[in-house]
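# any chance you can model this:
(chains A and B)
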Amino acid sequence: MQSLYEKGSKRQMSTTATPPIDTQVQSPLAHLSEAQLAELAGEFDAIRDRVMNELGDRDRRYIESMIEMQRRLAVLGRILLLASRNRAGWWAGTSALSAAKILENMEIGHNTMHGQWDWMNDPRIHSSTWDWDTASTAEAWKHSHNFVHHTYTNIRGKDKDLGYEIMRIDPAQKWNPVYLAQPVYNLILMALFEWGVALHDLDFEAIRKGRKPMHQVKRELKGIAGKAKDQVVKDYIAWPLVSALAATAVDVVVETRRQRKQPRGLLGRVKRRRQSRWAPVVEAALNSGGKTFRATAKADATANIVRNVWAYAIIFCGHFPDQTYTFSQKEVEDESRGGWYVRQLTGSANIEGGPIFHIASGNLGYQVEHHLFPDMPSSRYAEIAPQVKDICERYGLPYNSGPFSQQLGMVQRTILRLALPGGKPRPKPGPYRG
Amino acid sequence: MAERGAVPNVPKARQRALHAVRSLFTPLLPDDYLELINPLWSTQELRGRIERIEQETPDAVTVLIRPGYEWGGHRPGQYLRIGVVVDGVHHWRAYSLTTDPGRPDGLIGITPKLVDAGKVSPFLVHKARPGDIVRLGGVEGTFVLPDPAPPRLLFISAGSGITPIMSMLRSLDRDGALEDVVHLHSSRTADGVIFGEQLDELDQRRPGYRPHIRITGEAGRVTPPDLDHLCPDWRERQAFVSGPGEMLDALVGHWRTEGDLELLAMERFQPVIGGDAAAGEGGTVRFLSSEIEAECGVGTPILVAGEEAGAELPFGCRMGICHTCIGKLCKGEVRDLRTGEVHGQKGEMVRTCVNAPEGDVAIAL
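Residues are numbered from 1 along each chain as shown, chains lettered A, B, ... in the order given. Okay, here's the model as predicted:
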């Protein structure tokens, strides 16, 4: 098997003319017969059935404790930010709030909306009722992500997450001068990721081609506007106001006490008459109120950006590192269930890390396992990873994985390189060998 | 997905206060945070805390529950829907309330009997502990004592069929109205008599209460002709009967031929659906999610017609109790197959398992 891959890679390396793009990379499926693919599908189905049949109290406790931890962190962050004009208060509050937002977005929101916890039959923790603290409406995101991306994963021209329609991240995508700017808007997307995702959910191609009725576009835009309003009111008006009021109250108390301590007697009375007794109190209040309002708003903005950058980094490492394969629409014609599994397996890449990393990334460090079983509770991915690797080894398939810095570095290199015309597929690692 | 609990009776001031601060918590609600302190504080659904569990027989317990908000009350004989988590999965079941509404400590009780192959009863009988939180749904049922209670009563129960009758007995006792009541109860074994001690105690304290307990494992079943010597004036009494379907069918037949069917009320734990099959007009149901259309014959529940047309629909008890199958009615009216009542406001949540369309309807399922 190895020779086959090496031959494939060598051929890519030595080809200078523009060969038909579909044959540039040896398809990971090429060496598997239909019968082998059917057998492989049976093995993956068996992993899924085993886990799904075993779900119970332990799994429920996991997601409930995640939700509880997230809510406690959010409360902690908001309380610390009451003191956001203080440097330590600002940093501590911003950290807690960022952590809460990351947890809410990744391990809780993304996975719940995938239906991973629907088996609990609980109306509170269910894909049909969950909403998250980001710009995307649950409904639009579930369509563009759960359906379009997870069904057509890495099929060029069908998986709209392959470069999100604004980036060229695969050499087989046709170049166009707009991509020259992609290194710049890549950075903007990183900071404003949730807004990018929300707009992406609208599916501009479908709108342009008239495949999406205008009333639906209007409804979705209204949805985004509603979510935007909610986030702006919450993070940039309501909580800053609460912090400002708290800080003002503290200052009014402190200043009033100080005034009372001023010298009494004749001299003191003369001194006090010269200026209003309340002027310093009002001044302190206005001063600290405004300052705290700005500090909390800044903290909230920072937490949103931290969450955006983190989500961007994890998600871009899911399908864009060098190891992953993309597929032409022709290659996946009449795809069997086994073929679907292999495409998910080879089109995704894992990120190596410890338990805290995996929780913070919503277990998308197990992107491969997630793509094989999108509705399996994320807490089970670590446990099935060895079984997936074993299948890869036995069927001569790759198991894409690497450290975070390496994966993210590859993605950034690709974004820079493919801003320019041309580019070749990167060499692939070959079958997993334990 | 299972439904939520009933909407609790929350004081207005509290509702307004929570509403005022909700923008601080979007997309969650202030309730989602208050629940961290006490799950009973949710204003979104009524919950209860298990306060005590009392062993009634080797395989039946009474679970006493304190509701989170003021309990809306029930009429003796009605049943309560209750939601519990078993092995991580949420289930709803309906159980007759066995406590009476006048209880001064405000607790409500159900008395489940173990069904070995079941999911919920093994949990309630063996695993549930005081302190556990349960969801509370609505109170339902038409098997209730009239108000005021008729002076002469006859209760006939068998097995766990005694549960709604216990609530009636307790209520009559509390109101001092237990004046002329004959109670025939059957149980397979002597130590399997649910509420055996309480019935004895009532017997001693209230001369107007005359229980007759038949252990069917030893003495055989009570048959309708036995009534003539067990309760010679049964024809003149308002009768309440609760137990297995066979027993009810036999008694209905007997009352029809020998007595006055008007004086017989009964509780079936397996309601007969589509009893009045000739009523109504049927119609076409459009399921909005799948865009499947189903022709629904007279007396056919929406759920059955939909399944036959290939729609994947949620279902639970299939007898109108658990509300798992509910869907939002978007157009038209439906007929409740249990009561014959035609109803349907736009946006109403209807149970597809006990409702048939009355003309053309559309449902968001």
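# only C-alpha atoms for contact and neighbour calcs from this point on.
Noted.
# show me the contacts for the residue of the stretch 101-250 of chain B found nearest chain A.
Proximity of the stretch 101-250 of chain B to chain A (CA to the nearest CA) peaks at B:R135, 10.8 Å away. B:R135 is in contact with B:R4, B:G5, B:E45, B:L46, B:R47, B:G48, B:I82, B:G83, B:V84, counting by CA atoms under 8 Å, 6 or more residues apart in numbering or on different chains.
# so which of the residues you listed also contact chain A?
B:R4 (CA under 8 Å from any CA of the partner chain).
# now secondary structure too, for the contacts of B:R135, in CSV please.
Shown next, in CSV, are the contacts of B:R135 (DSSP: H, G, I helix; E, B strand; the rest coil):
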residue, secondary structure
B:R4, coil
B:G5, coil
B:E45, coil
B:L46, coil
B:R47, strand
B:G48, strand
B:I82, strand
B:G83, strand
B:V84, strand
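# A:D122 and B:G359: what is the separation?
Taking CA to CA, to the nearest Å as the measure, A:D122 falls 34 Å from B:G359.
# more neighbours: which of those two?
A:D122 (21 against 17; other CA atoms under 10 Å in any protein chain shown).
# let me know the secondary structure of the more buried one.
What three-state DSSP gives for A:D122 is coil.
# can stretch B:357-365 be said to contact chain A?
No. Counting by CA under 8 Å from any CA, chain A has no neighbours in stretch B:357-365; the shortest distance is 12.4 Å.
# what separates that stretch from the chain centre, distance-wise?
26 Å (CA atoms, centre = their mean, to the nearest Å).
# also stretch B:150-164?
Distance, stretch centre to chain centre, for stretch B:150-164: 16 Å (CA atoms, centre = their mean).
# what of stretch B:302-316?
24 Å.
# ok, and what's touching it?
Around stretch B:302-316, the neighbours that count as contacts under CA under 8 Å, 6+ apart are B:1, B:285, B:287, B:290, B:292-297, B:322-326, B:352-357, B:365.
# in terms of pLDDT, where does the residue of the stretch 201-350 of chain B found nearest chain A sit?
Proximity of the stretch 201-350 of chain B to chain A (CA to the nearest CA) peaks at B:T324, 10.0 Å away. B:T324 is assigned 72 on the pLDDT scale.
# SS state for it?
coil.
# show the backbone phi and psi for it.
In terms of degrees, to the nearest 10, the main-chain angles of B:T324 are phi -60, psi -30.
# count the residues that sit near it.
B:T324 has 22 nearby residues by other CA under 10 Å.
# now do B:D228
B:D228: 11 surrounding residues under other CA under 10 Å.
# skip the chain neighbours and tell me the closest residue to it.
Of all residues not flanking B:D228 in the chain, B:W234 sits nearest, at 7.4 Å (CA to CA, 6 or more residues apart in numbering or on different chains).
# now a ChimeraX select for only the buried ones of the contacts of stretch B:302-316.
Isolation of the buried members of these (16 or more other CA atoms under 10 Å in any protein chain shown) is achieved in ChimeraX through the command below:
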select /B:1,285,287,293,294,295,296,297,322,323,324,325,326,352,353,354,355,356,357,365
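# looking at the contacts of stretch B:302-316, which are in strands?
B:V285, B:F287, B:I292, B:E293, B:A294, B:E295, B:C296, B:I326, B:N355, B:A356, B:P357 (DSSP state E).
# residue contacts, the second one?
The reference is to B:F287. B:E293, B:G306, B:A311, B:A362, B:I363, B:A364, B:L365 are the contacts of B:F287 under CA under 8 Å, 6+ apart.
# who's it bridged to?
Judged by DSSP bridges, the bridge partners of B:F287 are B:I292, B:I363.
# ditto for the last one
Residues in a beta bridge with B:P357, per DSSP bridges, are B:V334.
# any idea which element residue 232 lies in?
Using chain A. Remark: A:V232 resides in helix A:214-232, with elements defined by DSSP states H and E.
# then A:E331?
Applying DSSP H and E, one finds A:E331 in no helix or strand.
# about what we covered before: closest to B:L184 among the ones in strands among the contacts of stretch B:302-316?
Of all the ones in strands among the contacts of stretch B:302-316, B:N355 has the smallest distance to B:L184: 35.1 Å, by CA to CA.
# count of neighbours near the closest residue to the closest one other than its chain neighbours?
Once flanking residues are discounted, B:N355 sits nearest to B:D336: 4.5 Å by CA to CA, 6+ apart. By the measure other CA under 10 Å, the count of residues near B:D336 is 26.
# now B:D336: phi and psi?
Main-chain torsions, B:D336, degrees, to the nearest 10: phi -70, psi 120.
# how about A:E352?
phi -80, psi 140.
# same question for the one 10 residues further on.
The phi and psi torsions at A:G362 (degrees, to the nearest 10) take the values phi 60, psi 30.
# number of residues surrounding the closest residue to it other than its chain neighbours?
Excluding its sequence neighbours, the residue lying closest to A:G362 (CA to CA, 6+ apart) is A:E107, at 3.5 Å. Residues lying near A:E107 (other CA under 10 Å) number 24.
# same question for A:Y312.
Neighbourhood size, A:Y312 [other CA under 10 Å]: 20.
# just say helix, strand or coil for it.
helix.
# hmm, back to that, helices or strands up against the helix or strand that the helix holding A:V232 is followed by?
Counting by DSSP H and E, the next helix or strand C-terminal to helix A:214-232 is helix A:239-260. On a contact count with 3 or more CA pairs under 8 Å, 6 or more residues apart in numbering or on different chains; DSSP states H and E, helix A:239-260 meets helix A:279-319.
# angle of the helix it packs on against helix A:214-232?
Angle of helix A:279-319 versus helix A:214-232, following axes from the mean of the first three to the mean of the last three CA atoms, to 10 degrees, is 130 degrees.
# which strands and helices sit next to helix A:279-319?
Applying 3+ CA pairs under 8 Å, 6+ apart, we find helix A:279-319 packed against helix A:87-103, helix A:182-191, helix A:193-201, helix A:239-260, strand A:350-352, helix A:404-417.
# averaged pLDDT, it. What do you get?
Helix A:279-319 comes out at a mean pLDDT of 92.
# ditto for stretch A:34-47
96.
# buried stuff in that stretch?
For stretch A:34-47, by 16+ other CA under 10 Å, it's A:L37, A:L40, A:A41, A:E43, A:F44, A:D45.
# what does stretch A:286-304 give?
Within stretch A:286-304, the residues scored as buried using 16+ other CA under 10 Å are A:286, A:288-304.
# hmm, back to that, tabulate the contacts of B:R135 (CSV), appending neighbour count.
Output for the contacts of B:R135, formatted as CSV (neighbours: other CA atoms under 10 Å in any protein chain shown):
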residue, neighbour count
B:R4, 20
B:G5, 20
B:E45, 20
B:L46, 26
B:R47, 27
B:G48, 26
B:I82, 22
B:G83, 25
B:V84, 20
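# alright, that wraps it up for me.
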